[in-house]
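From the sequence below, what's the structure:
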Amino acid sequence: MLRRWALARRWPPRRGMASSRSQRDWRVLGLHAPPVGTSTAQLDLYGTLGEKVWCAEPSEMRRELRTAAEALRTATVEEPTGICFARRPGLNPVSWTVGHVAFTYELLVHEPLGLRKWEGMGDPWRWFDSSLITWDDRWLLHEAGELPNVTTSRAYLDACHAACEGLITAAEEQGGGRHSDHSTEKESAVSSHSALLDPIASYLIKYAITHECWHAEDLVHTRHVHRLPPPPALLEENVVDGSALEAKSTGQEWVCPSSQPLPTPGDTDDAEVPGGTFWLGAPRDSSFVIDCEKWAHPVQLAPFRISRCCVSVAEFAEFVADGGYNDDSYWSHEGVRWKGASNAQHPWSWTPVGSLNEALHAGLAGWQMHWFNGRLPLTNVSQWPVSHVSWYEAEAYCAWAGRRLPTEAEWEAACCGVPCGDASTLAPYKGAAFPWGDSPLRGHLANSALRHGGVLLDVNEMPAGDSPWGCRQMIGNVWEWTATTFYPWPGYVMDYPYREQSAPWFGSSKVARGGCFATPDTVLRGGEYRSFYHPSGRPEVAIGFRTCAIH
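Have a look, this model is predicted:
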């Protein structure tokens, strides 16, 4: 089966070529094109739909659907007439992204639940199937003018949202009525519980919403890479501590206020976390999880010390000024190869004010940072977390500093773990979903979902969001690298409906945790959310790291 999957992955349709249903290995590929009449049960190869038990509140699902739609709409940018954005690794054409999100709603929600499809897109398989339309082909279609434009793709997505809303409304209107054996597929998506969606509909819609949120974040990063203004801040009465920096999303060049270190002595010290047995992963009664998060399993942790804050721009600048990029002794074999191939001499978003040699001798004053449509002197953002660095750069910094990256289990324990009894050992289970408890995300707790606009916050800010150990900003601001290679956990099986969610990336990626300033709340379900990136990094992603003591 793995060989069949590999062969299918090597077959990219050429530009303009439709991937018809007869040409798809629908039994293996994640985004499937099954023969007409194929049942959901036949597609669910491992029976994972049968384990779903969570029934969503229709009003809450509607709220998440609309929030995801607004996040994508806010982040989407029209390409100027006659101008085609240049290809950048990790980024897709904007029109393809919007159409692909709509296509995924149709594939993962509309088909299984029998919802009406939008006929205005023709055959979306020829453009938006991410399994077979390779990254190169997406850009070839775009550059040839063969992709639907952003306006058409938006209309497609609006129609998909409307169909999902119709299903949600049906759940509310039908309440808890029992259904006959002749109920329509749409009616069968309603739970027998009063005014709840049934578990399968809950899972499929939630998955499609989460997928939309992933791409909404990608579009924010697209703005950054192409030097466009950041999206406007989320309109929410959540900044109760008044600590937000103002981001202006206008056509003019955006300027960040001067960043000042906060007078909080000790916040840059290590937090001490006692050892013990810790259950890593999502518990089985979780409402919604991704397949790579299943299931909670015990790991044995030795006591460790982890930095309370992420590595700052100022701290990383010391590594750069000390010749860290030129001293291969700090770099692993793979890191040296990456550094040579990418010609990296400093973080991707930094540029010297004068020559590189002058910048290396000038310290912070010798550098500026590309941030959306502006350039920020590093002296103004010295206490921001360093971001847009690869795993190899994080690893090299740790070697220079005599530190190490935390493992994934250590990171989750520092984020959501709690002390046991007399605090001499680590409790086996997480104390809450988030570092601060179970209360939902708000602007004084985490810099996420663009609550503070398109800016990072100083590493010492937001003490209200601290974990029980005193670790700060473990949710939001920047993603954080861990030392752990991305592998499945015990008992893993590929999940329906998207079996390519995790499996193709096992062994080649590193685990990242915590989310960033642009990550929507739907994605940040708690400290257990697993993301992953290749160690060479996607330079557009706002990703940094914190360190652990070696002894």
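
tell me, what residue is most central in this structure?
Centroid check for the chain by C-alpha atoms, centre = their mean gives W214 as the closest residue, at 5.4 Å.

Would you mind naming the helix or strand containing that one?
helix 199-225 (DSSP states H and E).

Buried residues of the helix or strand following that helix, list them for me.
Downstream of helix 199-225, the first helix or strand assigned by DSSP H and E is strand 270-273. Residues of strand 270-273 classed as buried by neighbour count (16 or more other C-beta atoms under 10 Å): D270, A271, V273. (Each C-beta comes from the backbone N, C-alpha and C, glycine too.)

and which of those is nearest E315?
Ranked by distance to E315 (C-beta to C-beta), the buried residues of strand 270-273 are led by D270 at 14.0 Å.

I550 is in contact with that closest one, correct?
No - assessed by C-beta atoms under 8 Å, D270 is found out of contact with I550, at 11.4 Å.

Just the closest of the buried residues of strand 270-273 to T425, please.
When the buried residues of strand 270-273 are compared against T425 (criterion: C-beta to C-beta), the nearest one is V273, at 10.2 Å.

which residues touch the closest one?
L301, P303, F304, R305, I306, E410, A413, A414, G417, L426, W469 (C-beta atoms under 8 Å, 6 or more residues apart in numbering).

Among those residues, which lie within strands?
L301, F304, R305, I306, L426 (DSSP state E).

Check those residues and tell me the two furthest apart.
R305 and L426 (13.3 Å).

so how far is T484 from the residue nearest to the centre of the chain?
21 Å (C-beta to C-beta, to the nearest Å).

Let me see the ranges of the strands in the stretch 351-500 of the chain.
Taking DSSP state E, counting those that start in this stretch as the criterion, the stretch 351-500 of the chain contains strands spanning 367-371, 374-377, 403-404, 419-420, 425-426, 479-485.

so which of the ones you listed comes closest to E70?
That would be strand 479-485 among the strands of the stretch 351-500 of the chain, by C-beta to C-beta, at 22.3 Å.

so what does that closest one touch, helix or strand wise?
helix 408-416, strand 510-513, strand 543-544 (3 or more C-beta pairs under 8 Å, 6 or more residues apart in numbering; DSSP states H and E).

got the angle between that strand and helix 199-225?
110 degrees (axes from the mean of the first three to the mean of the last three C-alpha atoms, to 10 degrees).

Quick check: buried residues in strand 479-485?
Buried residues in strand 479-485 (16+ other C-beta under 10 Å): W479, E480, W481, T482, A483, T484.

what about the closest residue in space to the fifth one that isn't next to it in sequence, distance to W367?
In other words, A483. Distance criterion C-beta to C-beta, 6 or more residues apart in numbering; nearest residue to A483, sequence neighbours excluded, is L405 at 4.0 Å. Remark: distance between L405 and W367 (C-beta to C-beta) = 24 Å.

now do Y330
Taking C-beta to C-beta, one finds Y330 at 20 Å from W367.

cool, C309 as well?
Between C309 and W367 the computed distance is 21 Å (C-beta to C-beta).

low-scoring stretches of the stretch 101-250 of the chain, by residue?
175-194, 234-250 (pLDDT under 70).

wait, A394 sits on T482?
No - under the criterion of C-beta under 8 Å, A394 is not in contact with T482, lying 9.5 Å apart.

joint contacts of these two?
Residues within reach of A394 and of T482 at once, by C-beta under 8 Å, 6+ apart, are L405.

V353: neighbouring residues, count only.
14 (other C-beta atoms under 10 Å).

what residues are up against the nearest residue to it once chain neighbours are set aside?
Using C-beta to C-beta, 6+ apart and skipping residues adjacent in sequence, the residue nearest V353 is G366, 5.5 Å away. Neighbouring residues of G366 by C-beta under 8 Å, 6+ apart: P352, V353, G354, E358, A359, L360.

Now the last one. Nearest residue, chain neighbours left out?
What it means is L360. Closest to L360 by C-beta to C-beta, 6+ apart is A321, at 5.8 Å.

Mind pulling up the pLDDT for the one you found?
pLDDT for A321: 96.

I figured it hits N357, correct?
No - taking C-beta under 8 Å as the definition, A321 is not a contact partner of N357, at 11.5 Å.

the more surrounded of those two?
Ranked by neighbour count (other C-beta under 10 Å), A321 and N357 place A321 first, with 16 against 10.

do you know how far that one is from W125?
52 Å.

and what of A359?
50 Å.

Those two: which has the busier surroundings?
Using other C-beta under 10 Å as the criterion, A359 and W125 rank with A359 on top: 24 against 20.

which secondary element of the chain has the worst mean pLDDT?
Across the helices and strands of the chain, mean confidence by mean pLDDT, DSSP states H and E is lowest for helix 2-9: a mean of 26.

out of the ones in strands among the contacts of V273, who has the most neighbours?
Greatest neighbour count in the ones in strands among the contacts of V273, by other C-beta under 10 Å, goes to I306: 25 neighbours.

what residues are up against that residue?
270-271, 273, 406, 410-411, 414, 469, 471, 546-549.

how does it look with 6 Å?
I306 sits next to A271, P406, A414, C548 when contact means C-beta atoms under 6 Å, 6 or more residues apart in numbering.

ok so, going back, export the contacts of G366 to JSON lines and tack on pLDDT and distance to W139?
Below are the contacts of G366 laid out as JSON lines (pLDDT from 0 to 100; distance: C-beta to C-beta, whole Å):
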{"residue": "P352", "pLDDT": "97", "distance to W139": "31"}
{"residue": "V353", "pLDDT": "95", "distance to W139": "34"}
{"residue": "G354", "pLDDT": "93", "distance to W139": "35"}
{"residue": "E358", "pLDDT": "94", "distance to W139": "37"}
{"residue": "A359", "pLDDT": "94", "distance to W139": "33"}
{"residue": "L360", "pLDDT": "92", "distance to W139": "36"}
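
Show me which pair in those residues is furthest apart.
By the measure C-beta to C-beta, V353 and L360 form the most distant pair in the contacts of G366, at 11.5 Å.

quick one on the thing from earlier: tell me what angle the helix holding W214 forms with strand 367-371.
Using the same axes, to 10 degrees: helix 199-225 against strand 367-371 is 140 degrees.

Can you give the distance of helix 199-225 from its chain's centre?
Mean-position distance between helix 199-225 and its chain equals 9 Å (C-alpha atoms, centre = their mean, to the nearest Å).

which strands and helices sit next to it?
When contacts are defined as 3 or more C-beta pairs under 6 Å, 6 or more residues apart in numbering; DSSP states H and E, helix 199-225 packs onto helix 58-75, helix 94-105.

What is the first one packed up against?
Applying 3+ C-beta pairs under 6 Å, 6+ apart, we find helix 58-75 packed against helix 150-174, helix 199-225.

ditto for the last one
Applying 3+ C-beta pairs under 6 Å, 6+ apart, one finds that helix 94-105 makes contact with helix 125-128, helix 150-174, helix 199-225.

Would you format those helices as CSV with distance to G114 included?
Shown next, in CSV, are the helices and strands packed on helix 94-105 (distance: least, C-beta to C-beta, whole Å):
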stretch, distance to G114
helix 125-128, 19
helix 150-174, 10
helix 199-225, 11
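
nearest to W96, of these?
Of all the helices and strands packed on helix 94-105, helix 125-128 comes closest under C-beta to C-beta, at 6.9 Å.

for the helix or strand following that closest one, which positions count as buried?
Remark: after helix 125-128, the chain's next helix or strand is helix 135-143, criterion DSSP H and E. Residues of helix 135-143 classed as buried under the neighbour-count rule (16+ other C-beta under 10 Å) are W135, D137, R138, W139, L140, L141, H142.

what sits against D466?
By C-beta under 6 Å, 6+ apart, the neighbours of D466 are R472.
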